[in-house]
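Asker: Okay, predicted coordinates and the sequence, questions at the end:
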Amino acid sequence: MLRKLNISSIVVLMAFALASLFFVVVAPVANGQAVQKLINFQQPSRSVAMDLAPFLSDSKKPKVALFRSRQTRNYVTNDTLMVGDAVYYWELLLLGLRVPFRMIDERDINGGIDNDFTVVIMPATEALSSRQKRRVRDYVRKGGGLIASGRFGYFDEEGNTDDGTFFSDLFGAEQLTDIPAQRYGFLQSLDGNTPLANGIPMGYHLNIAAQTPLTVARVTDGTSAGRFITYDPKDQSKFDGYTTILYREYDKGRAVWMRFNPQDVSREKEPQENYQRLIVNALGELARTTSVAFSPWPDAKPAAFSVAAMAAAGFDPQTYLEGLTKMLDILETQQIPGSFYLASSEVHAFQDQMVRMNQLGEIGLTAENDFVLFGQPMEVQRDRILTARQQLGVQEIHGVYPPAGFFDGNTIRAMEDIGGDYLLLPSQPSMAPGVIDWWAKVDYRERLDLEDLLPPEEEAMPLFIPGQEGVPTTPMTTEAIKNLPDPLSIIPVSEGLAKTFMKSYEITRRARGYYVLPYYPETYAARSLQAADFEATIAQAKREGAWIVPVSDVLTWWRKRDQIRPVIAALGKDEMHLDLINDSETPISRVVLEIRGDRDQYKKLKIAGGEGKVVWVEETETTMVFLPEMAVGVNRVTLTW
């Protein structure tokens, strides 16, 4: 029986209706570039803080210019909407971010770009005269920031093809169009090797709509901010070395190029959040504002690295024993730990190897044999994992690699039921641990009654806020948070990243990411090419100072690091006060801050009255602050220069 509506409920419903009506009336015909509620300039992501007060303070004299290319629209493109659409969606994005900007066109740059503009955004600017190209170069050379997109400067003002020197000089890369078209779109990774990816999972893949014609860049002297990735892995070799995002220091200025525009990025929530973080990072970096970010790995290690022994389909005892023994020999020689996810019915037969694995690292779980869990009831999947746990004598479940990497919603429910921390999964789109979206994989609503879905009669529902659906007006209590199911993490295994372990590691190293090297003892014989590749790769990672630990150590660090957020409490001419807020229940150590500003602004940074170490990195104009243990709660750090 339905409850009666009281006065407060009626008021709330009217508010819902009015808000919804307003939203429908003002929304444009095309999809809007809605700014996600988790994105703002002061803290674009949890692990990053930026001071953009000077950048946004004077709305009467905007420091951002948005360029509309009349020449491209009139003389170059057959797509009459290309320029208008690109500019329109950039307008929506800047308005959503509350960034003051001014529209400009060719008349505003022919005599020289106004130095009051800190950043100039030039979307879909394919046609530029020789004079206009000089103006753009002069602007960046003197310290300006440029964001360009599309086939930038590919033609002159009359539509004649450029010789490519303008783009090459400005971005340190070749602009290429004679490559296979990707009619359904492509993926672009966001690597952690530039400040553009601060607070974005390393190697995150943006899903980009098809570009016509497809234009990519091949770096010569600039920096690629990520890799071009095809939907079909079989075609990837044709695009190795290509990118659609560039970052370049050009004399006193900085420039960013992207092949795509805001409307080309997937409308899903996660891609939009990370794309908008990319734009906020770009604006802040080009404007040389102060940014504070956490280094992804302890002690600012260049990458994280784990060796994972995993079960392959089929079982040949002789090959299995030979391959496993060789692997353990290599790990012992290199003094490298490992994580072992092997079917218990197979590995249990080799007790000596079990002892060696326990001494070398950690024992994870898969199941009692290599038959997949996918498609089986939750109770069956849970019992198969628990059987493996009993056979292996594992006291604590570090994590599970489902046989062959196949899982479904019942696998997640089984993991929740047994208290598992993570699933190890192949071919994931990021080089960092992530979290499984419960509601996307498992429908838990079957556990709720109708009364659970309705608010108490005396309790008013929160008002609807466009763009913030379902966001409560008050924070959850500590007790309510503790009653939520623990998040189940996914650890990405970099299978298929490249044809060899060494090349996969090099890609991950450039991205500052996390490489889980998958090793199959049943498949790789002791004297195989794979075994030699494996040995050379772990030796290289060790030489380069990668953080080499078992998988569960990486996950533990990642979760703790994600519980600390930096806040710029105050910033003066010669000092900065930071609040590092540890929201977890335990202290965390080995945390490093990466601080950037206007060129060498923080070159002589010092920690005032506290412990720690400061290192200036000339190549990246970054100050690294190595901090002592971060206690639970607020940790105040004062920096002077």
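Answerer: Good, I have the coordinates.
Asker: what about D156, distance to A173?
Answerer: 20 Å (CB to CB, to the nearest Å). For glycine as for every other residue, the C-beta is placed from the backbone atoms N, C-alpha and C.
Asker: more crowded one of the two?
Answerer: Neighbours were counted for D156 and for A173 using other CB atoms under 10 Å; A173 has more, 23 against 19.
Asker: In space, what's closest to the more buried one - neighbours in sequence excluded?
Answerer: Nearest residue to A173, sequence neighbours excluded (CB to CB, 6 or more residues apart in numbering): A217, at 4.2 Å.
Asker: What's the separation between that neighbour and V76?
Answerer: Using CB to CB, one gets 20 Å for the distance from A217 to V76.
Asker: What segments of the stretch 101-250 of the chain are helices?
Answerer: For the stretch 101-250 of the chain, the helices defined by DSSP state H, counting those that start in this stretch occupy 106-109, 130-141, 165-171.
Asker: before we move on, back to that, beta partners for the residue nearest to A173?
Answerer: Listed beta-bridge partners, A217: Q175, T243 (assigned using DSSP bridges).
Asker: what sits against it?
Answerer: By CB atoms under 8 Å, 6 or more residues apart in numbering, the residues touching A217 are F171, A173, E174, Q175, L176, S224, Y242, T243, T244, L246, W257, R259.
Asker: how about 10 Å then?
Answerer: 152, 167-168, 171-176, 224, 228, 241-246, 257-259 (CB atoms under 10 Å, 6 or more residues apart in numbering).
Asker: Same question for G185.
Answerer: Neighbours of G185 in contact, by CB under 10 Å, 6+ apart: N207, I208, A209, A210, Q211, L214, T230, Y231, F260, D264, S266.
Asker: pLDDT wise, what is the third one at?
Answerer: Model confidence at A209, expressed as pLDDT, equals 95.
Asker: and the nearest residue to it once chain neighbours are set aside, how many neighbours does it have?
Answerer: Leaving aside its sequence neighbours, A209 sits nearest to D264 (CB to CB, 6+ apart; 4.5 Å). As a burial measure, D264 scores 21 neighbours (other CB under 10 Å).
Asker: Return the member of the contacts of G185 nearest to Y139.
Answerer: Ranked by distance to Y139 (CB to CB), the contacts of G185 are led by F260 at 23.1 Å.
Asker: I'd guessed P213 sits against R151; true?
Answerer: Yes. Using CB atoms under 10 Å, P213 makes contact with R151 at a distance of 7.8 Å.
Asker: Find residues that contact each of the two.
Answerer: Shared between the contact lists of P213 and R151 (criterion: CB under 10 Å, 6+ apart) are residues T177.
Asker: Now tell me which helix or strand of this structure has the poorest mean pLDDT.
Answerer: The weakest-scoring helix or strand in the chain, judged by mean pLDDT, DSSP states H and E, is helix 7-26 (a mean of 32).
Asker: what packs against the very next helix or strand once past it?
Answerer: Sequence-wise, the next helix or strand downstream of helix 7-26 (DSSP states H and E) is strand 48-51. Packed against strand 48-51 by the contact rule (3 or more CB pairs under 10 Å, 6 or more residues apart in numbering; DSSP states H and E) you find helix 269-286, strand 290-294, strand 564-571, strand 575-582, strand 592-596.
Asker: Show the residue spans covered by the helices in the stretch 301-450 of the chain.
Answerer: In the stretch 301-450 of the chain, the helices defined using DSSP H, counting those that start in this stretch lie at 317-334, 344-347, 351-360, 378-392, 409-418, 438-441, 450-453.
Asker: S589 is nearest to which of those helices?
Answerer: Closest among these, once you apply CB to CB, is helix 351-360, at 24.7 Å.
Asker: Report the angle between the closest one and helix 378-392.
Answerer: 100 degrees (axes from the mean of the first three to the mean of the last three CA atoms, to 10 degrees).
Asker: can you list contacts of helix 351-360?
Answerer: Applying CB under 10 Å, 6+ apart, the contact partners of helix 351-360 are 307, 309, 320-321, 324-325, 327-329, 331-332, 335-340, 342, 344, 347-348, 350, 363, 392-394, 521, 550.
Asker: Mind doing that once more with 8 Å?
Answerer: Helix 351-360 is contacted from outside by 309, 321, 324-325, 328, 331-332, 337-338, 340, 347-348, 363, 392, using CB under 8 Å, 6+ apart.
Asker: what's the average pLDDT for that helix?
Answerer: The model assigns helix 351-360 a mean pLDDT of 90.
Asker: same question, stretch 593-600
Answerer: The average pLDDT for stretch 593-600 rounds to 92.
Asker: so how far is that stretch from its chain's centroid?
Answerer: Put simply, stretch 593-600 sits 21 Å off its chain's centre (CA atoms, centre = their mean, to the nearest Å).
Asker: likewise stretch 89-104?
Answerer: Distance, centroid of stretch 89-104 to centroid of chain: 24 Å (CA atoms, centre = their mean).
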